[in-house]
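Novice: Just a sequence and a predicted model for now, questions to come.
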Amino acid sequence: MLAQELGGPVTVASVPGGLYSKSVGRAAAAAGFTTLFTSLPSQRPRSIDGCRLIGRYAIRRDATTAEAASAAAGRPLPWARQRAAWGLRGAAKSIAGRRYETMRRALLARR
């Protein structure tokens with residue numbers, strides 16, 4: 001529907017909610033997407049089945065200006081910190097399964 005509205009193919013997408021997996025990347029490639037933005041904090045683009053995967057650094061509301069500037073300058077430490085946190089969340093998602101999102105919402109509501 002989007003391609004019809006735009007009058008041309010849609011080849012770029014972003015994975016919502018950080019729910020990327022290899023099967024998502026393969027499905028995106030099979031659907032004709034050439035670029036897929038993921039929430040994986042990675043400075044190096046990767047590829048799966050011809051679809052370019054581009055990670056991103058998340059600037060959160062509690063980030064300082066110095067942290068954001070350091071990440072934007074490409075310094076490795078802020079990226080490594082986010083990558084480590086991303087890995088821990090991935091492990092928690094694997095362990096908690098479908099309950100993860102419920103627990104996440106409850107924790108974020110407390111803040």
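Specialist: Cool, got the structure. Numbers count the residues shown, from 1 in each chain.
Novice: give the contact list for the most centrally placed residue in the chain.
Specialist: Residue closest to the average C-alpha location in the chain (CA atoms, centre = their mean): Ser39, at 1.2 Å. By CB atoms under 8 Å, 6 or more residues apart in numbering, Ser39 lies in contact with Val15, Gly17, Gly18, Tyr20, Gly55, Arg56, Ala58, Trp86. Where C-beta positions appear, they are placed from N, C-alpha and C, glycine not excepted.
Novice: what's the pLDDT at the spatially closest residue to Pro78 that is not a sequence neighbour?
Specialist: Spatial nearest neighbour of Pro78, excluding adjacent residues (CB to CB, 6 or more residues apart in numbering): Ala71 at 4.2 Å. With respect to pLDDT, Ala71 has a value of 91.
Novice: Domain boundaries for the chain, per the record?
Specialist: By the assignment in automatic domain parsing, the chain contains the domains 1-56, 63-111.
Novice: Quick check: which of these is buried the most?
Specialist: domain 1-56 (a mean of 14; mean count of other CB atoms under 10 Å).
Novice: Now do that one: distance from first to last residue.
Specialist: Length of domain 1-56, first residue to last, CA to CA, to the nearest Å: 27 Å.
Novice: how far away is the residue nearest to Pro78 from Met1?
Specialist: Using CB to CB, to the nearest Å, one gets 35 Å for the distance from Ala71 to Met1.
Novice: cool, Ala68 as well?
Specialist: From Ala68 to Met1 the distance is 36 Å (CB to CB).
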